[in-house]
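[1] One predicted model, sequence on top.
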Amino acid sequence: STVIAKISRTDLAEKELRFGSTFKNIKLVGSICDDTFVVEKTLPGSGSVSIRGLAGKDTITIGSAVSGGVDSIYQRILVNGGTGTQDRLIVEDSQSDETKLEGILTSGSLLGTLNSADGVKRTALSYEKIEFL
């Protein structure tokens, strides 16, 4: 199995979630508190990881300095900040070994930065209801 996400709330300890290759579409839903989601890596293959924060100041981080930035993200990532008014999306790619020259940032997506299963075509990070990027 591969680590998909680490989730924490301001009043609880961090929890690590691991999913095997049989899980194709994973949905993570936060609480009404200030939630923190970190997607460190995903398995190669089709599918997606969907994160939905609810109320609160949620922070969603895609990639990890420990796992090589977003080089270990192979599935489409969908982020919805929820009803909070200070939700933050961070793309952590500081430790990447790959050159990414074709990234495109729009009002609802970051294209061309995440890997795909074939290692050539890049997949998308889509987001909505995010106040800080």
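    Cool, the structure landed.

[2] Could you list the low-confidence segments of this protein?
    1-5, 8-12, 100-101, 116-123 (pLDDT under 70).

[3] Which stretches in it count as strands?
    2-9, 15-19, 25-29, 35-39, 48-52, 59-62, 76-80, 88-91, 104-105, 109-114, 123-128 (DSSP state E).

[4] Which of those strands sits closest to residue 97?
    strand 109-114 (13.8 Å; C-beta to C-beta). No exception for glycine: its C-beta is placed from N, CA and C like everyone else's.

[5] Dump that closest one to PDB, restricted to CA.
    The C-alpha trace of strand 109-114 is given here as PDB (Å, rounded to 0.1, in the frame of the first residue of the first chain):
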ATOM      1  CA  SER A 109      -6.900  24.200 -11.800                       C
ATOM      2  CA  LEU A 110      -3.100  23.700 -12.000                       C
ATOM      3  CA  LEU A 111      -2.300  21.700 -15.100                       C
ATOM      4  CA  GLY A 112       0.800  20.000 -16.200                       C
ATOM      5  CA  THR A 113       2.500  19.500 -12.800                       C
ATOM      6  CA  LEU A 114       1.400  16.100 -11.400                       C
END
